[in-house]
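Dropping the sequence and predicted coords here.
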Protein chains: 2
Amino acid sequence: MSVIKVAILGFGTVGEGVYRTIQSHSEELTATLGKKVEVAAVLIRNTQKKRNISENVLVTTEFADILNLDQLDVVVEAIVDKEPTFTFLKSAIQRGCHIITANKEMFAHHGKELLDLAAEKRVSVGFEATVAGGIPVIQTLRQLLNINRVKQVRGILNGTSNFILSEMREKKQSFAQALVLAQENGYAEADPTNDVEGFDAFYKTMILSRLAFGEEPNWQDVEREGITSITSELIEAAETAGLRFKHIASITRLGGQIKATVKPALVGKENPFYHVEGVQNAVNVQSDIVGEITLQGPGAGMFPTASAVVEDLVHVCLNPTVKRNLTRSQEVGTEFSKHDDKQETWLVHRLTHKPITPAITWIEEVEEGTYVINASSKEVKQLAKQQKNLLYFPIIGEYERVNQVKAALKAL
Amino acid sequence: MSVIKVAILGFGTVGEGVYRTIQSHSEELTATLGKKVEVAAVLIRNTQKKRNISENVLVTTEFADILNLDQLDVVVEAIVDKEPTFTFLKSAIQRGCHIITANKEMFAHHGKELLDLAAEKRVSVGFEATVAGGIPVIQTLRQLLNINRVKQVRGILNGTSNFILSEMREKKQSFAQALVLAQENGYAEADPTNDVEGFDAFYKTMILSRLAFGEEPNWQDVEREGITSITSELIEAAETAGLRFKHIASITRLGGQIKATVKPALVGKENPFYHVEGVQNAVNVQSDIVGEITLQGPGAGMFPTASAVVEDLVHVCLNPTVKRNLTRSQEVGTEFSKHDDKQETWLVHRLTHKPITPAITWIEEVEEGTYVINASSKEVKQLAKQQKNLLYFPIIGEYERVNQVKAALKAL
């Protein structure tokens, strides 16, 4: 039986998960691919660290050693940082290898280039693990929604932020306490900036945008905001209004332009994101034929991410060149009006006084200085300019406070 | 440019949806397939009915006319009943056509035979539309979870039943009133037996079982129960306990045997099924590498179902023979004990007296005669034998009444 030889770059959580899954699921791999899958080499940085890797595997600190192997079919990349990763993967494609990556920052920056090069060399690129861990959202957009025209994609894409928000709400913890817990659980890095400031979710959003719409917005035009402004006080005010904070990425095409935001928003209890807690992720795709589909599952972790990589392994080997890699274009005839003028629902916090204007509809006073309002985003931004400490967050979906109070009463 | 010629059997809701979607999305189809997709023929029954079909399309009541077309690449079947559909599709495969079906009853009965014949003739079978409407659950199991070993699949698979349960709860309607509304909305047939007695969900469950586990349980061993026993009174009792009724299909492999049930169950508000309302469907897949994934979306309707068929059209044309059609086998090393003795949580209703037995843990008295208990299914069945009018329903997931009351209080 012929053999598929794989190299794994990096042996951290993801790399080790992939290695162990290839061993534990070798029967399934052989049955599906008709070939045995073998890890031929692992690229490491620290030679002192003890690792549980079979003697038959080349363990090296030099990527050149890997590239010089007699046979090499697939290179799995599970490192971080843009470089030298991007250079490694380009060389791997040049050699004729399929590549699979879990590196969102690198892929957000260089994905297009890698895909173009791969198309030229007639090899495949797997990147399921770059977004939403084990939830097969990339392949759903790539393979299962070929004919549907995507209108909007929304997602909870950063497990660390979601975990922190859940902890703050459920256990009444401060942001700082919840962050420490996230770090102790291995969900957050020593430097958590990438997660809590929304950079990680931003990279994932750009990858989804290219996949859903064939293009990305200008990166500098994307409103990117992390969760560091969310206090316990705010979470309580939201709960009083029957709402929960989620860190939500949203991408829409409006009048030929891609509009993306990555920021905290509020959802009510009938929204599919309301019960997405802890390190779970969820993605909601709105398309023209099927309507709305929501996928939910584990957003990170050794095996969920390994699952994405190993399932990708099957695809790159079985479908050598996916023709329609990232080339959606058709815009749906949209009903959107000019975005800035669209009426939306907001929670505003620390309002010092209620301005008298017909442009704002006051829906409910949640507590002193905290209101639910209807207004355009233009109007809310203007309000924030006038009242310096004002915080404002969009409410996604219908605001159903009245029904919620009724339901809560009933449940007693 | 070469052309892919399609015949559509049946021009009801699904057939017409497919026809219209092929017209409206011809650009996407051409871009993805590199060929133009043309509807060459439509099979109808009633020649008197006025239909909006282009003059270039052969409209006929005779399947033989369709089979005799000079070119025919794909046959889409959107009729009901097992026959003559099955015979039609066999002939289509014999002729060398790919087939796509939306017919769950036929496919539950004859799917294996069709797939085997198709493999022999080297053509493909698309059946995404047989389960969960527009949610790509079939393709997720078929293409995206190749290496994962599936442990359990649970789903809300019948939109009509879910709609009726939602209406009964939200609008305080009786089963009969909600059923009439479902019929008026076109969600239920004049004879609703298939939906409300759980047959439709049962067929879908058998299709999912074959896909997830490579085999089916003995049909007669499957506990199949519809929603006709669910009264307004029961729904209210459940709400008091913070629970909602859902009609849930569940398939697990236990000790080499497939165990399936299709029946009403209760879920609490942290369960992903809790907020699946109206004609929505949802499927939860538990696998060994990735963990739990939940997919939610429209379970029926003209365009969601057409979406499933048209996305299948792409797959059958691009992937002429999917090797690993329905051949999963590996069992996961499971931690399940002998199923009958497993402790589960139940809502029991119309209990005339509390038996004194250590085998039942009394968790809460919801109201007179209605309790939440912990017990094995064996124990509950015995209880039901002793107390003739007793109704009992499993509670899926953790029962968190205490927290729910706290949350409800807080939300006020």
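Thanks, I have it. Residues are numbered from 1 along each chain as shown, chains lettered A, B, ... in the order given.

for chain B, what are the nearby residues on the stretch 201-350 of chain A?
A:239-240, A:242, A:269-270, A:272, A:274-275, A:277, A:287, A:289-298, A:301, A:303-304, A:306-308, A:310-311, A:313-315, A:319, A:323-324, A:327, A:330 (Cβ under 8 Å from any Cβ of the partner chain). All C-beta atoms are positioned from the backbone trio N, CA, C, and that covers glycine.

ok, of those, which come out buried?
Buried by 16 or more other Cβ atoms under 10 Å in any protein chain shown: A:239-240, A:242, A:269, A:272, A:274-275, A:277, A:287, A:289-298, A:301, A:303-304, A:306-308, A:310-311, A:313-315, A:324, A:330, out of these.

dump the residue contacts of the residue most central in space within chain A.
In chain A, the C-alpha nearest the mean C-alpha coordinate belongs to A:Leu157, at 3.2 Å (Cα atoms, centre = their mean). Each residue near A:Leu157 by Cβ atoms under 8 Å, 6 or more residues apart in numbering or on different chains is listed here: A:131-132, A:200-201, A:204-205, A:247, A:249, A:281, A:283, A:299.

Likewise for A:Thr352?
So A:Thr352 contacts A:369, A:387, A:389-390 (Cβ under 8 Å, 6+ apart).

beta partners for the closest residue to A:Ser229 other than its chain neighbours?
Closest residue to A:Ser229 apart from its sequence neighbours, by Cβ to Cβ, 6 or more residues apart in numbering or on different chains: A:Leu391 at 6.5 Å. As for beta bridges, A:Leu391 partners with A:His349 under DSSP bridges.

so A:Leu391 makes contact with A:Leu234?
Yes: the pair A:Leu391 and A:Leu234 qualifies as a contact (Cβ atoms under 8 Å) at a distance of 7.0 Å.

and for those two, which residues touch both?
A:His349.

ok, then the element right after the helix or strand that contains A:Glu364?
Here A:Glu364 sits within strand A:361-367, counting by DSSP states H and E. Downstream of strand A:361-367, the first helix or strand assigned by DSSP H and E is strand A:370-376.

Specify the next element, helix or strand, located C-terminal of that next one.
Sequence order places helix A:377-386 as the next helix or strand after strand A:370-376, per DSSP H and E.

Going by neighbour count, which residues in that following helix are buried?
A:377, A:379-380, A:383.

now what about it, what contacts it?
A:339-342, A:344, A:346, A:348, A:351, A:355, A:357, A:359-360, A:373, A:375, A:390, A:392, A:394.

what mean pLDDT does it have?
Across helix A:377-386, the average pLDDT comes to 90.

A:Asn374 is in contact with A:Ala359, correct?
No: contact status for A:Ala359 versus A:Asn374: not in contact, 9.5 Å apart, counting by Cβ under 8 Å.

could you give the mean pLDDT of the strand holding A:Glu364?
87.

With stretch A:214-233 instead?
94.

Out of the contacts of A:Leu157, name the ones that lie in helices.
A:200-201, A:204-205 (DSSP state H).

Domains in chain A, by residue range?
A:3-126, A:150-299, A:339-411 (automatic domain parsing).

Could you say which one of those domains comes nearest to B:Met106?
domain A:150-299 (23.0 Å; Cβ to Cβ).

Now do that closest one: distance to the chain's middle.
8 Å (Cα atoms, centre = their mean, to the nearest Å).

and what of stretch A:356-367?
34 Å.
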